[in-house]
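S.K.: Could you work out the structure for the sequence below:
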Amino acid sequence: MVALQGDHGSPIWRISQEIEVENFSMGYLKLLRVHHWVKNLFVLLPVPFALASGVQFDPSSLWIGLLAFSLLNSGVYALNDAIDKERDQQHPKKKFRPVAAGAVERNSALVFSFFLVVTALILLARGGVFQGVFFVGVSYLVLNIVYSCWGRSIPVIDVCFLASFFFLRILLGCFLVGADPSILLLAGGTSIALLLALGKRNSELQLLVTEKHRASLSWYTKR
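M.R.: Numbering: from 1, shown residues only. Presented below is the predicted three-dimensional model:
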């Protein structure tokens, strides 16, 4: 029996298997949306205030908390992608996401999301489930589920939800470094988050996203 050879001398069936494995891995890597972890830099905003106030904190706890929250973000993203498969297929850009494009099965994305969320909550519970860090993690998860199922369809409320996610990031940072939440810090950070959320809605309008994808857009204008 003759085995067909690829460009590098490997049988074509082996090359095909390698491509499938690579596509499978890339699908889950994209599902993590690591590039969105940059939003979690808001967690670090309280650090300069803590240092200026002479607050002593454990840097390792800060970084573990930051990693845990990033994993929680990815778990929420994977959950949203699974829920929004049909909706994302109507979006000019989101239709290329792993679940919408068929690279990752919906049920697989749900299992992946569950694994990430549980791992994140375990890490956040290192100081105890009644501590502020764990409370912020659970609040972020619950608010995201409410946002996905209801909040994002209501104008103004949708951007308030998005801003609240950044508010929780700053609050998490305060708990991680043991700093008292500053009204100025929380208000300033939330204001910036509101501007970012409104900017996101404006960019979606510029892309002419259909109302089928996001109902609340019908209430916004490009001005």
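
S.K.: give me every residue that touches Gly178.
M.R.: Residues near Gly178 by CB atoms under 8 Å, 6 or more residues apart in numbering: Ala50, Val55, Gln56, Phe57. No exception for glycine: its C-beta is placed from N, CA and C like everyone else's.

S.K.: Output those residues in TSV; the columns should cover pLDDT.
M.R.: Shown next, in TSV, are the contacts of Gly178 (pLDDT from 0 to 100):
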residue	pLDDT
Ala50	92
Val55	90
Gln56	90
Phe57	92
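
S.K.: Make sure Lys200 is indeed in a helix.
M.R.: Yes - counting by DSSP: H, G, I helix; E, B strand; the rest coil, Lys200 is located in a helix.

S.K.: Would you enumerate the residues in contact with the nearest residue to it once chain neighbours are set aside?
M.R.: In this structure, Lys200 finds its nearest non-sequential neighbour in Leu162, 7.1 Å apart by CB to CB, 6 or more residues apart in numbering. Contacts of Leu162 were listed using CB under 8 Å, 6+ apart, and they are Tyr147, Ala193, Leu196, Ala197, Lys200.

S.K.: again, but for Ala78
M.R.: So Ala78 contacts Leu31, Leu32, Ala109, Leu110, Phe112, Ser113, Leu116 (CB under 8 Å, 6+ apart).

S.K.: From those, which land in strands?
M.R.: Among these, none falls in strands (DSSP state E).

S.K.: can you put those in JSON lines and add pLDDT and distance to Leu172?
M.R.: Below are the contacts of Ala78 laid out as JSON lines (pLDDT from 0 to 100; distance: CB to CB, whole Å):
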{"residue": "Leu31", "pLDDT": "95", "distance to Leu172": "23"}
{"residue": "Leu32", "pLDDT": "95", "distance to Leu172": "19"}
{"residue": "Ala109", "pLDDT": "96", "distance to Leu172": "25"}
{"residue": "Leu110", "pLDDT": "97", "distance to Leu172": "25"}
{"residue": "Phe112", "pLDDT": "97", "distance to Leu172": "23"}
{"residue": "Ser113", "pLDDT": "98", "distance to Leu172": "20"}
{"residue": "Leu116", "pLDDT": "98", "distance to Leu172": "17"}
